[in-house]
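In: Sharing a model prediction with you, sequence too.
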Amino acid sequence: MLTIQDFKELKTKEGFINLLKTKQPEEQFKDTLNTLAYEKELKMLQAELVDLQQWVAKHKKRVCVIFEGRDAAGKGSAIRRFIEHLNPRSMRVVALTKPTDVEKGQWYFRRYIKEMPNPGEIVFFDRSWYNRAVVEPVMGFCNEEEYDKFMVQVPEFEHMLYEDGVDLIKFWFSISKEEQVRRFNSRLQSPLKRWKFSPVDQEGQKRWDDYTYYKEQMFSKTHTTFSPWIIIKTNIKKEARLESMRYVLSKFKYENKGNSGIELFPDPNIAQRYHRLVKQID
């Protein structure tokens, strides 16, 4: 058993790990080891993201990363890890509320075009124009004509972004039905997270199969060579954060790439390019 004197003498995480190994069986502190390994990898990947951001700013690149997925899939927490050490002057997070009456009368994509990255900027979308592909038709927030028009226009819209030089990365954070319920219950039990739970979340569980149908329609009609969908399995949040970071970093040839010594290619068992034969957990 660890003593107070042990803690007083500890100076580093590595020292803590070595001390644990001498004091008790490794199985008893496996979770602690995993957490320490995760924190170490996270720090190194965040250092790589800082290098990427500096390269984006220097070369006036425009990078847009969108996070889509069912409620409680971990989109927001992943974005927080992405941006934790980035320069806020050349980075933004976009999380739009429901459209105003004026916006409802405009071309659907207009409110998103205004949020596109400026030269030298990275923009992270916590949900995006793909609300109309899944959430809105499931919840009855758009009619069939609006939905059909959107699905026809999306590939054209994204091809225009591609031709204009915007680097667009599309993540779908995939979560199982059982894990979603567990996270919903966790939110309800926490006074700090209770605000995240809404009637729409509850309906999402009831309409799980409807979500699945529209999700598959979205993949089949909007997955393109110039704008592919990347599915991230998120039942284990820490893995999802690390592998989504790796994927973004793997897409660019920025200066000092790999200096941290961390592996920059994502695990294909967790981060997968969409294919109709890929086995999904949601």
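Out: That came in fine, so what should we check first?
In: which residues in the stretch 1-150 of the chain form strands?
Out: Here the stretch 1-150 of the chain has its strands, by DSSP state E, counting those that start in this stretch, at 62-69, 91-94, 121-126.
In: Save those as a markdown table, and put in distance to Glu156, mean neighbour count and mean pLDDT too.
Out: Every residue, glycine included, has its C-beta placed from N, CA and C. Below are the strands of the stretch 1-150 of the chain laid out as a markdown table (distance: least, Cβ to Cβ, whole Å; neighbours: other Cβ atoms under 10 Å; pLDDT from 0 to 100):
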| stretch | distance to Glu156 | mean neighbour count | mean pLDDT |
| --- | --- | --- | --- |
| strand 62-69 | 17 | 22 | 98 |
| strand 91-94 | 21 | 17 | 98 |
| strand 121-126 | 19 | 22 | 98 |
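In: who wins for proximity to Thr12 among those?
Out: Closest of the strands of the stretch 1-150 of the chain to Thr12 is strand 91-94, at 31.1 Å (criterion: Cβ to Cβ).
In: so what does that closest one touch, helix or strand wise?
Out: Here strand 91-94 touches helix 75-83, strand 121-126, going by 3 or more Cβ pairs under 8 Å, 6 or more residues apart in numbering; DSSP states H and E.
In: got a list of contacts for the shortest one?
Out: If I follow you right, that is strand 121-126. 52-53, 56-57, 62-67, 75-76, 79, 82-83, 86, 90-95, 112, 115-117 (Cβ atoms under 8 Å, 6 or more residues apart in numbering).
In: Ok, the longest one next?
Out: Helix 75-83 is contacted from outside by 42, 46, 49, 65, 67-69, 91, 93, 124, 126-127, 171, 173, 237, 240-241, 244-245, 248, using Cβ under 8 Å, 6+ apart.
In: Give me the buried positions along it.
Out: 75, 78-79, 81-83 (16 or more other Cβ atoms under 10 Å).
In: ok, these vs Ile4, which is closest?
Out: Ranked by distance to Ile4 (Cβ to Cβ), the buried residues of helix 75-83 are led by Arg81 at 33.0 Å.
In: For the closest residue to Cys142 other than its chain neighbours, give me its contacts.
Out: Once flanking residues are discounted, Cys142 sits nearest to Glu136: 4.1 Å by Cβ to Cβ, 6 or more residues apart in numbering. The contact partners of Glu136, by Cβ under 8 Å, 6+ apart, come to 142, 146-147.
In: now those residues in a markdown table, with distance to Asn18, pLDDT and neighbour count?
Out: Converted to a markdown table, the contacts of Glu136 look like this (distance: Cβ to Cβ, whole Å; pLDDT from 0 to 100; neighbours: other Cβ atoms under 10 Å):
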| residue | distance to Asn18 | pLDDT | neighbour count |
| --- | --- | --- | --- |
| Cys142 | 58 | 96 | 20 |
| Glu146 | 61 | 98 | 15 |
| Tyr147 | 58 | 98 | 17 |
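In: Go through the residues you listed and flag which are in helices.
Out: Residues of those located in helices (DSSP state H): 146-147.
In: Can you tell me which of the contacts of Glu136 is closest to Lys206?
Out: The closest of those, once distances to Lys206 are taken by Cβ to Cβ, is Cys142, at 19.1 Å.
In: any idea how far that closest one is from Pro228?
Out: 25 Å (Cβ to Cβ, to the nearest Å).
In: try Asp209
Out: Remark: distance between Asp209 and Pro228 (Cβ to Cβ) = 25 Å.
In: mind checking how far Pro155 is from Asp164?
Out: 15 Å.
In: more neighbours, those two?
Out: Pro155 (15 against 9; other Cβ atoms under 10 Å).
In: how far is the longest helix along the chain from where the chain is centred?
Out: In terms of residue count, the longest helix belonging to the chain (DSSP H) is helix 30-58. Helix 30-58 sits 15 Å away from the centroid of its parent chain (Cα atoms, centre = their mean, to the nearest Å).
In: so what secondary structure elements neighbour it?
Out: Looks like helix 30-58 contacts helix 13-23, helix 75-83, strand 121-126, helix 237-250 (3+ Cβ pairs under 8 Å, 6+ apart).
In: Buried residues, stretch 157-173. List them.
Out: Quick answer for stretch 157-173 (16+ other Cβ under 10 Å): 157-158, 161, 166-173.
In: Adding secondary structure as columns, could you present these in a markdown table?
Out: A markdown table is the format used below for the buried residues of stretch 157-173 (DSSP: H, G, I helix; E, B strand; the rest coil):
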| residue | secondary structure |
| --- | --- |
| Phe157 | helix |
| Glu158 | helix |
| Leu161 | helix |
| Val166 | strand |
| Asp167 | strand |
| Leu168 | strand |
| Ile169 | strand |
| Lys170 | strand |
| Phe171 | strand |
| Trp172 | strand |
| Phe173 | strand |
